[in-house]
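Peer 1: Model the structure of this input:
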Amino acid sequence: MGTGMQSILERNDLDELMALAELADRDFTAERYQPIVVGTSAHSALAAEQSAAARAETESRSAHKLHIPRRPPWDASTSAEQLDAQEKASFLNWRRQLAVLEEEEGLYLTPFERNLEVWRQLWRVLERSDIVVQVVDARDPLLYFSEDLTGYALMLHPTKTSFVLLNKSDLLPEAVRATWADYFDSKGIKYGFWSAFVASEAQAKARHDAIAVGLEGPSATEVLRHFSQLLGLPPSGSSNGGSSRTKVLSTEELLGVLEDVAREAVEAADDDDPRKSDPSRRFMVGLVGYPNVGKSSTINAIFGAKKAAVAPTPGKTKHFQTLNVSSTVCLCDCPGLVFPRFAASKAEMVAAGVISIDRLTDVRAPVDVVAARCGQLQLEAVYGLQLRHPVAAIAQSGASQVSTSGSSGVSKTGSAAAVQQQQQLSAGALLLRALARARGWTASSGLPDEVRAGRQILKDYTTGKLLHCKLPPGSEPPGFAPVIAPLPGTVNSMLLQQGWQHHHQQQQQQPVARSTVSGSIAAEQQ
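Peer 2: Residues are numbered from 1 along each chain as shown. Presented below is the predicted three-dimensional model:
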């Protein structure tokens, strides 16, 4: 098909048919005068009709079927042609299993990687690595974390440990990081908080200061000073925003943690493991994650120079690459992969930045998601708007809610029909129109350019200018969003309501079972 290493998340029906035919090594001959009409909207209509509770029950029952493709067993006697045929057959069978989930179970899957060549890169990274680091977005870690990938790594080798690297942790208040630390501790998962952006910015500022005074390069002390300033910490603060469990790691600290985890994995192997007999061998750290979670940025921050291509378009890295960080550590970077997951809508994937925003034309649904999560007060503070109808408070039901109790806030000169029409608009639609009018963005039809406004809102949400953080399962409410603009350096010290703080202190004295965080900043901060 000529796709090579191009990431493919979605295809039309014809392209999908031809791709599966190529995997199955089959050809098709057209039969004239025998038309067959196939409906393509059955599963989406069914998904819309199912209640959330029924869909959740079905997803739970079928969760064991939703796994990533495995590489067929092979050894030195397997020829390249045999392995290629086995991999294609195994991948085709995996694709068919997912199709059965959608068609027979009536479940909706998020867009996922459909190119076998990309999955082959993952297989090679897993086989080479001593440990597997899953880079996730700290604002919603479980959306990007694959438990099945952890299990697959252990299948390859019982000591192939997994490590969760929560990137963009500078966008989380310290109290929110504490809830996730409790969650991962309770699951026995190794983790670390990290911000590739802050690490890179600190290096750049320290390098600029060094050049200004005629030095060849910045000192580690200067880099750490800028690192603390960017996080909004005191200059003398070496805790990087919390306890040892919740601190945002610096570059040196991250490398030390990864090396320690890799060394433990190798030392736990059997005595006859060939890795133990090679003293000059570097620890191999595999980096895996979704597009746009910051894998390449993490590598750049570690090296302090551009070693992997970085772009706002998801899926920039096309082939796995090995990079020697030091005399003891080597990074093995895998191309960004979108794993199959159950989802209520494609809009959530767009809001997460997994699907490219620049080519998006239907912006209302994902903007509805953003508006519902961020809340009216934050949206007004960030964009300087006065929204006429309240935008839904964050994460109440996952859908935006607009008050229809009256026409307060609407001009008295407006017609009753106009008032009724505005009340029927979703929170996202109201936000799109308000922002487009405020910025003077007009489409060729003379109406507000909602597409341009929507892309801007979605990009702001992806970069953290608009902030919403998911909390561990069982939290009520399920997310946190500030009621003020989350300016750089202010997020770490954001205070949560005292009721939550008392509850969290109680949880630290007993096993973590349930955590609760308020979705608003303390009143005294306003």
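Peer 1: Show me the shaky parts of the protein.
Peer 2: By pLDDT under 70, the low-scoring segments of the chain are 1-7, 9-52, 235-242, 305-318, 344, 388-424, 495-526.
Peer 1: Would you map the strands across it?
Peer 2: 131-137, 161-167, 190-194, 248-249, 283-289, 321-324, 329-333, 469-470, 479-480 (DSSP state E).
Peer 1: The second one - contacts with which helices or strands?
Peer 2: When contacts are defined as 3 or more CB pairs under 8 Å, 6 or more residues apart in numbering; DSSP states H and E, strand 161-167 sits against strand 131-137, helix 147-156, helix 174-187, strand 190-194, helix 251-267, helix 295-303. No exception for glycine: its C-beta is placed from N, CA and C like everyone else's.
Peer 1: Out of the ones you listed, which gets nearest to residue 102?
Peer 2: When the helices and strands packed on strand 161-167 are compared by CB to CB, helix 147-156 sits nearest residue 102, at 17.9 Å.
Peer 1: Report the buried residues of the closest one.
Peer 2: Across helix 147-156, burial judged by 16 or more other CB atoms under 10 Å covers 149, 150, 152, 153.
Peer 1: Distance to residue 467 for these - can I get that in JSON lines?
Peer 2: Converted to JSON lines, the buried residues of helix 147-156 look like this (distance: CB to CB, whole Å):
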{"residue": "149", "distance to residue 467": "28"}
{"residue": "150", "distance to residue 467": "28"}
{"residue": "152", "distance to residue 467": "33"}
{"residue": "153", "distance to residue 467": "32"}
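Peer 1: Tell me the one among these nearest to residue 301.
Peer 2: Nearest member of the buried residues of helix 147-156 to residue 301, counting by CB to CB, is residue 149, at 23.2 Å.
Peer 1: still on that earlier bit, take the strands of the chain and lay them out in TSV including distance to residue 68 and mean neighbour count.
Peer 2: TSV is the format used below for the strands of the chain (distance: least, CB to CB, whole Å; neighbours: other CB atoms under 10 Å):
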stretch	distance to residue 68	mean neighbour count
strand 131-137	12	26
strand 161-167	13	25
strand 190-194	20	23
strand 248-249	28	25
strand 283-289	10	25
strand 321-324	21	14
strand 329-333	17	23
strand 469-470	22	24
strand 479-480	27	25
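Peer 1: How about the contacts made by the closest residue to residue 123 other than its chain neighbours?
Peer 2: Leaving aside its chain neighbours, residue 123 sits nearest to residue 71 (4.2 Å; criterion: CB to CB, 6 or more residues apart in numbering). Listed by CB atoms under 8 Å, 6 or more residues apart in numbering, the contact set of residue 71 reads 87, 90, 120, 123, 127.
Peer 1: Neighbour count added to those residues, as TSV?
Peer 2: As requested, these are exported to TSV (neighbours: other CB atoms under 10 Å):
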residue	neighbour count
87	20
90	17
120	17
123	19
127	15
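Peer 1: which two in those residues are spaced the farthest apart?
Peer 2: Taking CB to CB as the measure, those span a maximum distance of 15.3 Å, between 90 and 127.
Peer 1: For residue 385, which non-adjacent residue is spatially closest?
Peer 2: In space, residue 385 is closest to residue 434, 5.1 Å off (CB to CB, 6+ apart).
Peer 1: Good, wrapping up.
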